[in-house]
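Participant: Pasted the sequence and its predicted model underneath.
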Amino acid sequence: MDLDESIFVAGHRGLVGSAIVRRLQAAGHRRLLLRTHAELDLTDAAATRAFFAAERPRHVFLAAAKVGGIVANNDFPADFIRENLAIQTSVIDAAWHAGVERLLFLGSSCIYPKHAPQPMPESCLLTGPLEPTNRAYALAKIAGIEMCWSYNRQHGTRYLAAMPTNLYGAGDNYHPTNSHVIPALLRKFHEAKTRGEPSVTVWGSGTPRREFLCSDDMADACVFLMNLPDERFDALLGSDEAKTGRFEPPLVNVGVGEDVTIAELAELVRRTVGYEGAIVYDRSKPDGTPRKLMDVSRLAAAGWRASTTLADGLALAYRDFLASEARR
Ligand SMILES: NC(=O)C1=CN([C@@H]2O[C@H](COP(=O)(O)OP(=O)(O)OC[C@H]3O[C@@H](n4cnc5c(N)ncnc54)[C@H](OP(=O)(O)O)[C@@H]3O)[C@@H](O)[C@H]2O)C=CC1
Ligand SMILES: C[C@H]1O[C@H](OP(=O)(O)OP(=O)(O)OC[C@H]2O[C@@H](n3cnc4c(=O)[nH]c(N)nc43)[C@H](O)[C@@H]2O)[C@@H](O)[C@@H](O)C1=O
């Protein structure tokens, strides 16, 4: 991406979108196209197409989505499937009409089967039943991958789908119930410390394993992928199964390649916050997928690795949580 080419970052005020903007600005990109949800509702296909026709972005990072943790996904499946299908359909189709050169669609590791082999390679897509707590969201994301693949096959576009593992970092959603586990635990441990409470309740059994990637690393991976030279970018676009007989969607996992149990994570967050009370488990809350570890060999072969340790990332995230509380 040249520094003067126009780049649309959809969802630029979110966890990942804001990190992508910081990363692009640090690299000197001068023509970022940014619209808030209020300025442009990406579920509105006509408005999205008009925006693309007027602004003609060359590159698109599709980081706008309806996003939430395990309980939000489980409680509002209709919202998750409807909004995500609508956003990605509007943006991918408008990008094609406007002649966008490259588009990066962000999915999620929950697209893979609940009992996928660990670590999960891209090739295990569509090989088994999904985790029920986020099946609606996962199916929307799978449809997004298929859309990228279909537009590439039919229209010769270059749309790549990147599947991030669980993310956290500056600008996260710290809602007590709708958020993901790291922002939720930062809030819970911090509030228990400041109120002098004897224990913190962690959902589920503590046994599920998760892999956590800092949003700044995620943004770095996204920009790395979009900057790959043509031949290496195109190698990630897979192949047309009708012609090759091979199931190779335009898909790349983004993760760190290591995971921890939720109990280990809770202990790390407890130490990060400096809370000295006990941890108790609420087994009435869902565990979700038992394990979700990405096979990141495809991305590593392309030349990218994560650089932030979980301990450093948690310290950064806790500082961000404190800053966001101070602004309230
Ligand atoms: N966070 C995580 O752990 C993971 C995230 N992902 C994926 O990464 C991507 C980014 O997620 P993340 O940054 O965490 O999400 P956030 O919720 O932090 O940000 C999403 C952004 O999309 C915007 N948005 C939502 N709906 C619309 C709409 N209809 N029109 C315009 N803008 C809209 C939001 O704006 P507003 O807030 O104003 O509605 C927000 O700025 C998503 O595709 C997500 O599925 C994948 C795996 C894990
Ligand atoms: C990124 C991913 O995010 C969602 O899936 P998930 O991996 O299950 O994400 P989570 O962060 O919400 O939970 C991880 C684990 O942590 C446990 N847990 C403990 N205590 C809290 C807690 O207080 N809050 C939350 N949210 N979880 C907790 C929780 O019970 C679970 O075992 C998908 O729906 C989907 O959106 C998706 O793609």
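Facilitator: Everything's here; your move. Ligands and ions are numbered 1, 2, ... in the order given.
Participant: how close does Gly303 get to Glu5?
Facilitator: 22 Å (Cβ to Cβ, to the nearest Å). To be clear about C-beta, it is placed using only N, CA and C from the backbone, and glycine gets the same treatment.
Participant: Tell me the secondary structure of the residue nearest to Ser108 when sequence neighbours are not counted, please.
Facilitator: In space, and not counting its chain neighbours, Ser108 is closest to Lys141: 5.4 Å by Cβ to Cβ, 6 or more residues apart in numbering. Following DSSP: H, G, I helix; E, B strand; the rest coil, the label given to Lys141 is helix.
Participant: next one: Val200
Facilitator: Three-state assignment for Val200 (three-state DSSP): strand.
Participant: Wait, it touches Tyr275, no?
Facilitator: Yes - using Cβ atoms under 8 Å, Val200 is in contact with Tyr275, at 6.9 Å.
Participant: Overlap in contacts, these two.
Facilitator: Common neighbours of Val200 and Tyr275 (criterion: Cβ atoms under 8 Å, 6 or more residues apart in numbering): 189, 192.
Participant: from the chain's centre, how far out does stretch 254-261 sit?
Facilitator: 14 Å (Cα atoms, centre = their mean, to the nearest Å).
Participant: What are the buried residues along that stretch?
Facilitator: Using 16 or more other Cβ atoms under 10 Å as the test for burial, stretch 254-261 gives 254-257, 259.
Participant: next one: stretch 303-310
Facilitator: 304, 306, 308, 310.
Participant: Start from the N-terminal end of this protein and give the strands.
Facilitator: 7-10, 32-33, 59-62, 102-106, 159-164, 166-168, 199-203, 209-210, 212-214, 251-254, 260-261, 278-282, 291-292 (DSSP state E).
Participant: Out of those, which is closest to Ile70?
Facilitator: In terms of Cβ to Cβ, the element of the strands of the chain nearest to Ile70 is strand 199-203, at 7.5 Å.
Participant: is ligand 2 contacted by stretch 216-229?
Facilitator: No - Stretch 216-229 stays clear of ligand 2 (Cβ under 6 Å from any ligand atom), getting no nearer than 11.6 Å.
Participant: what sits up against that stretch?
Facilitator: 1, 16, 19-20, 22-24, 27, 59, 61, 63, 102, 104, 106, 160, 162, 164, 167, 169-170, 233, 236, 252, 254, 256, 299, 302-304, 306-308.
Participant: can you check stretch 45-55 too?
Facilitator: 6, 8, 33, 35, 40-42, 86, 89-91, 93-95, 97-98, 100.
Participant: Can you narrow these down to the ones near ligand 2?
Facilitator: Okay, of these, nothing touches ligand 2 (Cβ under 6 Å from any ligand atom).
Participant: And stretch 173-182, end to end?
Facilitator: 10 Å (Cα to Cα, to the nearest Å).
Participant: tell me the contacts of the residue of the stretch 1-150 of the chain found nearest ligand 1?
Facilitator: Nearest to ligand 1, among the residues of the stretch 1-150 of the chain, is Gly14, at 2.0 Å (Cβ to the nearest ligand atom). Gly14 makes contact with 63-65, 67, 171 under the criterion Cβ under 8 Å, 6+ apart.
Participant: Identify, from these, the entry nearest to ligand 2.
Facilitator: Out of these, the member with the shortest distance to ligand 2 (by Cβ to the nearest ligand atom) is Val67, at 6.4 Å.
Participant: what about the closest one, how many neighbours?
Facilitator: By the criterion of other Cβ atoms under 10 Å, Val67 has 23 neighbours.
Participant: got a pLDDT number for it?
Facilitator: The model reports Val67 with a pLDDT of 98.
Participant: so how far is Pro132 from it?
Facilitator: 18 Å.
Participant: which parts of the chain sit against ligand 2?
Facilitator: 68-70, 73, 108, 110, 133-134, 137, 166, 179-181, 184-185, 202-204, 208, 210, 262, 285-288.
Participant: ChimeraX command for the buried members of those?
Facilitator: Buried residues among the residues of the chain next to ligand 2 (16+ other Cβ under 10 Å), as a ChimeraX selection:
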select :68,69,70,73,108,110,133,134,137,166,179,180,181,184,185,202,203,204,208,210,262,286,287,288
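Participant: if we look at ligand 1, which of the residues of the chain next to ligand 2 are close to it?
Facilitator: 108, 166, 180.
Participant: is it true that the last one touches Gly69?
Facilitator: Yes - under the criterion of Cβ under 8 Å, His180 lies in contact with Gly69, with a separation of 4.3 Å.
Participant: who touches the nearest residue in space to Trp203 that is not next to it in sequence in this structure?
Facilitator: Of all residues not flanking Trp203 in the chain, Lys285 sits nearest, at 3.5 Å (Cβ to Cβ, 6+ apart). Lys285 makes contacts with 70-71, 203-204, as judged by Cβ under 8 Å, 6+ apart.
Participant: Could you do Leu32 as well?
Facilitator: 6-9, 12, 21, 24-25.
Participant: Show the buried residues in these.
Facilitator: 6-9, 12, 21, 24.
Participant: Alright, that wraps it up for me.
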